[in-house]
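Colleague: no sequence for this one, just the structure:
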């Protein structure tokens, strides 16, 4: 690019192999992450957890995980395995 700050919108799938100074993952609510159609299938839930991990690890400096005001936060955000340390 031309060196000016920009915003890149993408999916967790498209984030593979990319890195960004700041990453925001919006909508970390149960029924959206994992998606409601995955909730009855343990393999799909594992895959969605892996995708969230991919998204989290794309951030170099700043990470924002947001659960929208309606509904429960994603089970992934409540799991013991999800610990984010900022240095």
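Modeller: Ah, there it is. None of these values were measured; they are calculated from a predicted model.
Colleague: All the helices of this structure, in order from the start?
Modeller: 42-56, 75-78 (DSSP state H).
Colleague: Now tell me which of these the model trusts least on average.
Modeller: Of all the helices of the chain, mean pLDDT reaches its minimum on helix 75-78 (a mean of 86).
Colleague: chain center to that helix, what's the gap?
Modeller: Here the centre of mass of C-alpha atoms in helix 75-78, compared against the chain's by Cα atoms, centre = their mean, to the nearest Å, lies 11 Å away.
Colleague: Name the helix or strand of this protein that has the lowest mean pLDDT.
Modeller: Lowest on mean pLDDT, DSSP states H and E among the helices and strands of the chain sits helix 75-78, with a mean of 86.
Colleague: what comes up buried for that one?
Modeller: Using 16 or more other Cβ atoms under 10 Å as the test for burial, helix 75-78 gives 76, 77. Glycine gets a C-beta too; all of them are placed from N, C-alpha and C.
Colleague: Then stretch 43-63?
Modeller: Using 16+ other Cβ under 10 Å as the test for burial, stretch 43-63 gives 45, 48, 49, 51, 52, 55, 56, 58, 59, 63.
Colleague: for stretch 27-43, same thing?
Modeller: Within stretch 27-43, the residues that qualify as buried by neighbour count (16+ other Cβ under 10 Å) are 28, 29, 30, 33, 34, 38.
Colleague: In space, what's closest to the third one - neighbours in sequence excluded?
Modeller: Leaving out its chain neighbours, the residue that sits closest to residue 30 by Cβ to Cβ, 6 or more residues apart in numbering is residue 72, at 4.4 Å.
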